[in-house]
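In: requesting a structural model of the entry that follows:
(one chain, ligands or ions: 2)
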Amino acid sequence: MGADTLRSNVSLVEAYAYSHGSAPAPVGDKPVRCATEQPVTFTFRRFQVSPHRRELLAGGVPVKLGGRAFDVLLALIDATGAVLGKDALMTRVWPDRIVEENALQSQIMALRAAFGPDRDLVRTVSGRGYQFVGEVLAVSGGLEVRPGERATVQSPSVVPATNLPEPISELIGRDGDVREVFGLAAAHRLVTLTGPGGVGKTRLAIAVARALAPQFADGVWFAELAPLSDPELVPSTVAAAARLEFPAGAASPDRVIDALSGKQLLLVLDNCEHVIDDAARMAEALLRANPMARLIVTTREPLKVDGEWTYPVAPLAVPAEESDGADDVLRYDAVRLFVERARAADPHFAPHPRLMAMIAAICRRLDGVPLAIELAAARTAALGVGPLAGADDLFALLAGGRRTAPHRHQSLRGALEWSYGLLSESERIVLRRLAVFHGAFTLEAAMTVVAEGDIPVAKIIVGLADLVSKSLIASGTGCGGQYRLLGATRAYLLEKLGESGERERVAGRHAGYGRQVYEPAEAELAPQSPAKRPGFTTANKATCARRSSRPFRPAVIRLSA
Ligand SMILES: Nc1ncnc2c1ncn2[C@@H]1O[C@H](COP(=O)(O)OP(=O)(O)O)[C@@H](O)[C@H]1O
Ligand SMILES: [Mg+2]
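Out: Ligands and ions are numbered 1, 2, ... in the order given. Okay, the predicted model is just below:
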């Protein structure tokens, strides 16, 4: 990256805004030498600001903001956390005019209105001025810098070309994820977002890519690999996304990489899991051939290539069982998503307080997975919240998604079939047998339940690890090496277990293992109250408590979802 250097006392916001003629000359006599410009993007909470595009995005979606209010925002960011006096602010925003203080107040109000629930970002410091309290990350030329720091500048900025899909609905929550992935993608050349189907990988990747777009003079290209049935089509799909033209059948990996060499671009490879080998080869070769290329990848399992940084995308936050107060639960992103989508399906839908506990319970049962929540919320128009919350076969009801959504997103079954279909036979055996666990399970328990003549122990361990890597089994750090299936996955797998004819045998082993774990604890507790028994220490109590909360119920083995 060729680079001129701005004088160290010139802030990034000033430099970019000034050099684009969008802001007044900097306060004081700071000269700005800015023969060429490098666009910079600022990010804080769920927002991104592109000074050179004069754009404010909230979760990747543009927010309306007038020109003066935008200048106020830039000036506040530029103050890097210091209190900015009203006079200084007014001189920045209205350099050629003397205005009343209420003109400034109304711009501050407009800015806070644009921030919505994040209006606290702009603090009034009584008698002194205003302060921007968000923690700002600035990225320039793909490098993380801080506002106010020395910046490097290079070629003139152009609004980069992109084929990123325009978001139609608001991105709910994800502020922290957008920030973290933005930071990762600014610092590393290959960032892979992993997670189960429907968890929100693609939405997150698009939001981050949009925020990074100003850094890539040669564009941000979104290559959707999901529809490919033939892995050999990966290069031509990338070529088409990046608007390269090749005669039919001529888009070999080498040619595509050649054509992209020397370009400063961001490539988003979306949904790679079914063509993972070819996608991995293409990604690695592109990064090696072109030092200015960067990649964001979404897939259920990592590419496992050199230089890859993996970011597991977690489901949206769900309220805990004890926090079911109406106001309380609306703070959770999963609940907000449900309410938004239910409203979209039925304009008369009102999140009445008495419904909130049920909505919270549905979101919990769906583990906060956005796709499942969207499908459930769409069902409320026909069924209502109560019947949905009470449905034993909730997962079976989760079909009927958007007609324009890919098949694997039109129903939960579609999403699970897609994942299950990509597994090897031994992975399928391991996975469906694990469906007998209603909650968390340990490796030891998994081995006992899965082991049968048709699958050697080594394959069980490897299979379990691979299934975690493929986002089909959740593994909890900090919970003693435990594993867990998401509710929807388990419901689907119980069906598969039933079809396989193994169900009784597996359930028998599960019950046997449960007895083995429980009986010593029960015997220890039985003769008298633990507290009275000699030698019963706090550590013993903890062990018993832990054992009792384990997911084994020898008397009643729940095999229903
Ligand atoms: N944070 C979010 N806010 C609003 N909708 C979301 C959010 N995350 C995901 N969705 C929606 O949920 C569905 C699944 O998300 P997607 O990103 O396609 O999942 P994945 O790529 O992990 O399969 C899509 O319809 C998407 O628009
Ligand atoms: Mg996706």
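In: SS state for V256?
Out: With DSSP: H, G, I helix; E, B strand; the rest coil as the basis, V256 sits in helix.
In: try V139
Out: Under the three-state scheme (three-state DSSP), V139 adopts strand.
In: give me every residue that touches it.
Out: By Cβ atoms under 8 Å, 6 or more residues apart in numbering, the residues touching V139 are 40-43, 145, 182, 186, 212, 215. Where you see a C-beta, it was placed from the backbone N, CA and C, and this is true even at glycine.
In: per-residue pLDDT, the closest residue to ligand 2 within the chain?
Out: The minimum distance from the chain to ligand 2, using Cβ to the ion, falls at T202 (3.3 Å). pLDDT, T202: 96.
In: next, the contact list for it, please.
Out: With contacts defined as Cβ under 8 Å, 6+ apart, the neighbours of T202 are 270-271, 298.
In: redo that, cut-off 10 Å
Out: 165, 193, 222, 224, 226, 268, 270-271, 298, 313, 409 (Cβ atoms under 10 Å, 6 or more residues apart in numbering).
In: so where's the protein uncertain?
Out: 1-39, 140-160, 323-327, 399-410, 477-481, 518-561 (pLDDT under 70).
In: which parts of it sit against ligand 1?
Out: Selection of the chain residues close to ligand 1 by Cβ under 6 Å from any ligand atom yields 169, 171-174, 195, 197-203, 298, 337, 370-371, 374.
In: just the ones in strands from these, please.
Out: Judged by DSSP state E, the residues of the chain next to ligand 1 include T298 as members of strands.
In: now, of the residues of the chain next to ligand 1, which are buried?
Out: Using 16 or more other Cβ atoms under 10 Å as the burial test, those include 171-174, 195, 197-203, 298, 337, 370-371, 374 as buried.
In: mind checking how far stretch 452-463 is from the chain centre?
Out: 33 Å (Cα atoms, centre = their mean, to the nearest Å).
In: in the stretch 51-200 of the chain, which spans are strands?
Out: With DSSP state E, counting those that start in this stretch, the ranges of strands along the stretch 51-200 of the chain come out as 55-58, 61-62, 84-85, 122-125, 129-132, 137-140, 143-145, 152-153, 190-194.
In: adding distance to A415, write those strands out as JSON lines.
Out: Shown next, in JSON lines, are the strands of the stretch 51-200 of the chain (distance: least, Cβ to Cβ, whole Å):
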{"stretch": "strand 55-58", "distance to A415": "28"}
{"stretch": "strand 61-62", "distance to A415": "25"}
{"stretch": "strand 84-85", "distance to A415": "49"}
{"stretch": "strand 122-125", "distance to A415": "41"}
{"stretch": "strand 129-132", "distance to A415": "41"}
{"stretch": "strand 137-140", "distance to A415": "33"}
{"stretch": "strand 143-145", "distance to A415": "35"}
{"stretch": "strand 152-153", "distance to A415": "44"}
{"stretch": "strand 190-194", "distance to A415": "15"}
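In: out of these, which gets nearest to A242?
Out: Closest of the strands of the stretch 51-200 of the chain to A242 is strand 190-194, at 16.7 Å (criterion: Cβ to Cβ).
In: for the closest one, which helices and strands make contact with it?
Out: For strand 190-194, the packing partners by 3 or more Cβ pairs under 10 Å, 6 or more residues apart in numbering; DSSP states H and E come out as helix 175-187, helix 201-212, strand 266-270, helix 276-289, strand 294-299, strand 308-312.
In: relative to V99, which of the ones you listed is closest?
Out: V99 lies closest, by Cβ to Cβ, to one member of the helices and strands packed on strand 190-194: helix 201-212, at 32.4 Å.
In: measure how the closest one sits relative to strand 190-194, angle-wise.
Out: 150 degrees (axes from the mean of the first three to the mean of the last three Cα atoms, to 10 degrees).
In: show me how the protein divides into domains.
Out: Annotated domains of the chain cover 4-152, 175-312, 326-414, 423-548 [automatic domain parsing].
In: follow-up on the earlier one: can you redo the helices and strands packed on strand 190-194 as a markdown table with distance to A103?
Out: Putting the helices and strands packed on strand 190-194 into a markdown table (distance: least, Cβ to Cβ, whole Å) gives the following:
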| stretch | distance to A103 |
| --- | --- |
| helix 175-187 | 31 |
| helix 201-212 | 31 |
| strand 266-270 | 40 |
| helix 276-289 | 50 |
| strand 294-299 | 42 |
| strand 308-312 | 44 |
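In: tell me the buried residues in the strand or helix carrying W418?
Out: Assigned by DSSP states H and E, W418 belongs to helix 412-421. For helix 412-421, the neighbour count (16+ other Cβ under 10 Å) marks 412-416, 418-420 as buried.
In: swap in stretch 174-192?
Out: For stretch 174-192, by 16+ other Cβ under 10 Å, it's 174-175, 177-186, 189-192.
In: that one vs ligand 2: in contact?
Out: No: Stretch 174-192 is not in contact with ligand 2 by Cβ under 5 Å from the ion; minimum separation 12.5 Å.
In: can you count the residues close to the residue in the stretch 1-150 of the chain that ligand 1 sits nearest to?
Out: In the stretch 1-150 of the chain, the residue that lies nearest ligand 1 is G59 (7.4 Å; Cβ to the nearest ligand atom). Neighbour count for G59, taken as other Cβ atoms under 10 Å: 23.
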